[in-house]
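> here you go, sequence then predicted model.
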Protein chains: 2
Amino acid sequence: MLSKNTVKFIKSLHQKKFRNEEQRFFVEGEKSVLEVLNSSFQVSILLATPQFLENHQLEVSKSSCEVISVTQNQLEGLGQYQSNDSALAVVKMKSNESFDFPLGQLVIALDDIRDPGNLGTIIRIADWYGIHHLVFSTQTAEFYNPKVIQASMGSFTRVKFFYGDLAQIFTKWNSPVYGAFLDGENIHQMNKLEPGVILMGNESKGISSDLENLVTKKVTIPGFGEAESLNVAIATAIISDNFKRLLS
Amino acid sequence: MLSKNTVKFIKSLHQKKFRNEEQRFFVEGEKSVLEVLNSSFQVSILLATPQFLENHQLEVSKSSCEVISVTQNQLEGLGQYQSNDSALAVVKMKSNESFDFPLGQLVIALDDIRDPGNLGTIIRIADWYGIHHLVFSTQTAEFYNPKVIQASMGSFTRVKFFYGDLAQIFTKWNSPVYGAFLDGENIHQMNKLEPGVILMGNESKGISSDLENLVTKKVTIPGFGEAESLNVAIATAIISDNFKRLLS
């Protein structure tokens, strides 16, 4: 049975302050909840409709979480989805663990990406291209924001991430940093590159000048029309696609 | 001076029904309003702050529209932007004019793209890649929806579009149709193609089976990780990028 306290607890997780205090976040919808049940994340509470519980007995029983059977109406008042006929999971955050540069692989670095939808979409793109490591400046949107989780479509379960000072990290790693600029080398004409960091800048200001000094090579997506720019998630996808093509 | 009737009229344009009856839509924000003033669209009414009118005297005087000076507060109650310190334009729609296949060029065709944000983002991508012609199935989101206009970031002024029966159009054109599928030819390994139609399918159902029969070649963005799919606007960007690379 769903208690008032549980309702209050889940509603508090809409706010970053309480997510940080409780070290919990929530995940909604059948696909994402199944992904998180099958991941290395630890689910604390699963709220699900009888239908979801019947269809996914195996996944639910494998998890040692508290299970609460709820109606669709109850679910829809809790999360941010307008419609949710399946499940919502309360999940324990992972700590902010640093990692070394993964040799032979690509890393995506984000300098102050503020929009949660952009961050979630970039996580999904990273997962598509098998880019398992992401580093974020401390001003980048919060990984556990419900809009990030939603836009990542379950891909948040499959990436490693770290928030920190990008300048310090790049200096320590000493691997090539490819920064996305409007005046760099045409990415269609590049024919050789090494695995390194793909660095994407803030939605309106681009890459900050202290990081620009640490960029090994500026790269640019060639434009053929008159649009002044591309959305940062779109640009991340196109650059990742070109890098994987060149490195494969 | 801003009359109650004008306020009522602009508010009615939030609804598709009234946009169609009046054959008018609205555009918000400094960048987009300037783009529409400099385009072949006909602006009927310009609501702008004194600051905007002072900064852009030339653009405003070139237009023969009714100009109403308003405060930021008045603007913010009218459109959909939470903040707008510049302008809002009421603009005359263009009619749905068919076009022939533009020889030697690419065309983007959308089969029931329902999300206005996706449609607007795709229009911006088309403009970036110099793809000036788009055709839409009749169930695709409405070009003049405020969310489409917003997401296109002014690029809506630079594309030609037509809503119609895609099967009939493709049959008439008799040009190659490249459809985006999950089981097509790896786009990184293609080395030759002709200008033709890039066909993208609905967000959840993909390309409908009657159009699949008219596809000349299925193309696929190679995945290297575990994400099941990419957002349709992201996929359109990556395919357009590969096509422009191969055709340049």
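Perfect, thanks for sending it.

> please count neighbours and contacts with C-alpha atoms only from this point.
Noted.

> which parts of chain A belong to which domain?
A:4-92, A:107-247 (automatic domain parsing).

> would you map the strands across chain A?
A:24-28, A:43-48, A:66-69, A:87-92, A:107-110, A:133-136, A:160-163, A:177-186, A:197-200, A:217-220 (DSSP state E).

> show me the contact partners of the second one.
The list of residues contacting strand A:43-48 from outside it, by CA atoms under 8 Å, 6 or more residues apart in numbering or on different chains, reads A:36-37, A:63-71, A:75, A:86-92.

> now do the buried residues in that strand.
Judged by neighbour count using 16 or more other CA atoms under 10 Å in any protein chain shown, the buried positions of strand A:43-48 are A:43, A:44, A:45, A:46, A:47, A:48.

> could I get these as CSV with pLDDT?
Converted to CSV, those look like this (pLDDT from 0 to 100):
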residue, pLDDT
A:43, 97
A:44, 96
A:45, 97
A:46, 97
A:47, 97
A:48, 96
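
> between those residues, which is closest to residue B:191?
Nearest to residue B:191, judged by CA to CA, of those is residue A:43 at 46.8 Å.

> what are the bridge partners for that closest one, then?
Note on residue A:43: beta-bridge partners residue A:91, judged by DSSP bridges.

> so it versus residue A:23, what's the distance?
Taking CA to CA, to the nearest Å as the measure, residue A:43 falls 12 Å from residue A:23.

> overlap of the contact sets of the two?
residue A:92.

> now residue A:22: how far from chain B?
Using CA to the nearest CA, to the nearest Å, we find residue A:22 at a distance of 29 Å from chain B.

> can you say which of the domains of chain A is packed in most?
Stretch with highest mean neighbour count among the domains of chain A: domain A:107-247 (a mean of 20; mean count of other CA atoms under 10 Å in any protein chain shown).

> and it, how far out from the chain middle?
The chain centre lies 12 Å from the centre of domain A:107-247; the measure is CA atoms, centre = their mean, to the nearest Å.

> first to last residue in it, what's the distance?
The first residue of domain A:107-247 is 13 Å away from its last residue (CA to CA).

> do it and chain B meet at all?
Yes. Remark: domain A:107-247 sits within contact range of chain B at A:124-125, A:127-131, A:154-155, A:188, A:223-230, A:233-234, A:237-238, A:241, A:245, by CA under 8 Å from any CA of the partner chain.

> for the record, mean pLDDT for the longest helix anywhere in chain A?
Secondary structure assigned by DSSP state H gives helix A:232-247 as the longest helix of chain A. Throughout helix A:232-247, pLDDT has a mean value of 97.

> what's the answer for stretch A:5-14, then?
Computed over stretch A:5-14, the average pLDDT equals 96.

> now it - C-alpha only, PDB.
The C-alpha coordinates for stretch A:5-14 follow below in PDB (Å, rounded to 0.1, in the frame of the first residue of the first chain):
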ATOM      1  CA  ASN A   5       5.000   9.400   3.600                       C
ATOM      2  CA  THR A   6       6.200   7.600   0.500                       C
ATOM      3  CA  VAL A   7       4.200  10.000  -1.700                       C
ATOM      4  CA  LYS A   8       5.800  12.900   0.100                       C
ATOM      5  CA  PHE A   9       9.300  11.400  -0.200                       C
ATOM      6  CA  ILE A  10       9.000  10.800  -3.900                       C
ATOM      7  CA  LYS A  11       7.600  14.300  -4.500                       C
ATOM      8  CA  SER A  12      10.600  15.700  -2.600                       C
ATOM      9  CA  LEU A  13      12.900  14.000  -5.200                       C
ATOM     10  CA  HIS A  14      11.700  16.500  -7.800                       C
END
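
> where does chain A dip in pLDDT?
For chain A, no stretch has pLDDT under 70.

> quick one: the helices in it?
A:4-12, A:16-22, A:30-37, A:50-55, A:57-62, A:72-76, A:116-128, A:146-152, A:166-173, A:209-212, A:232-247.

> chain center to stretch A:59-68: distance?
Counting by CA atoms, centre = their mean, stretch A:59-68 is centred 24 Å from the centre of its parent chain.

> can I get the helices of chain A in JSON lines including distance to residue B:10?
Below are these laid out as JSON lines (distance: least, CA to CA, whole Å):
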{"stretch": "helix A:4-12", "distance to residue B:10": "36"}
{"stretch": "helix A:16-22", "distance to residue B:10": "37"}
{"stretch": "helix A:30-37", "distance to residue B:10": "40"}
{"stretch": "helix A:50-55", "distance to residue B:10": "45"}
{"stretch": "helix A:57-62", "distance to residue B:10": "51"}
{"stretch": "helix A:72-76", "distance to residue B:10": "33"}
{"stretch": "helix A:116-128", "distance to residue B:10": "29"}
{"stretch": "helix A:146-152", "distance to residue B:10": "31"}
{"stretch": "helix A:166-173", "distance to residue B:10": "46"}
{"stretch": "helix A:209-212", "distance to residue B:10": "43"}
{"stretch": "helix A:232-247", "distance to residue B:10": "32"}
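
> okay, the strands of chain A in JSON lines with distance to residue B:210 next?
Listed next are the strands of chain A as JSON lines, based on distance: least, CA to CA, whole Å:
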{"stretch": "strand A:24-28", "distance to residue B:210": "34"}
{"stretch": "strand A:43-48", "distance to residue B:210": "38"}
{"stretch": "strand A:66-69", "distance to residue B:210": "42"}
{"stretch": "strand A:87-92", "distance to residue B:210": "35"}
{"stretch": "strand A:107-110", "distance to residue B:210": "40"}
{"stretch": "strand A:133-136", "distance to residue B:210": "41"}
{"stretch": "strand A:160-163", "distance to residue B:210": "42"}
{"stretch": "strand A:177-186", "distance to residue B:210": "39"}
{"stretch": "strand A:197-200", "distance to residue B:210": "40"}
{"stretch": "strand A:217-220", "distance to residue B:210": "38"}
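
> tell me which of those approaches residue B:192 most closely.
strand A:177-186 (20.4 Å).

> between the closest one and helix A:166-173, how many degrees?
Strand A:177-186 and helix A:166-173 meet at an angle of 100 degrees, taking axes from the mean of the first three to the mean of the last three CA atoms, to 10 degrees as the criterion.
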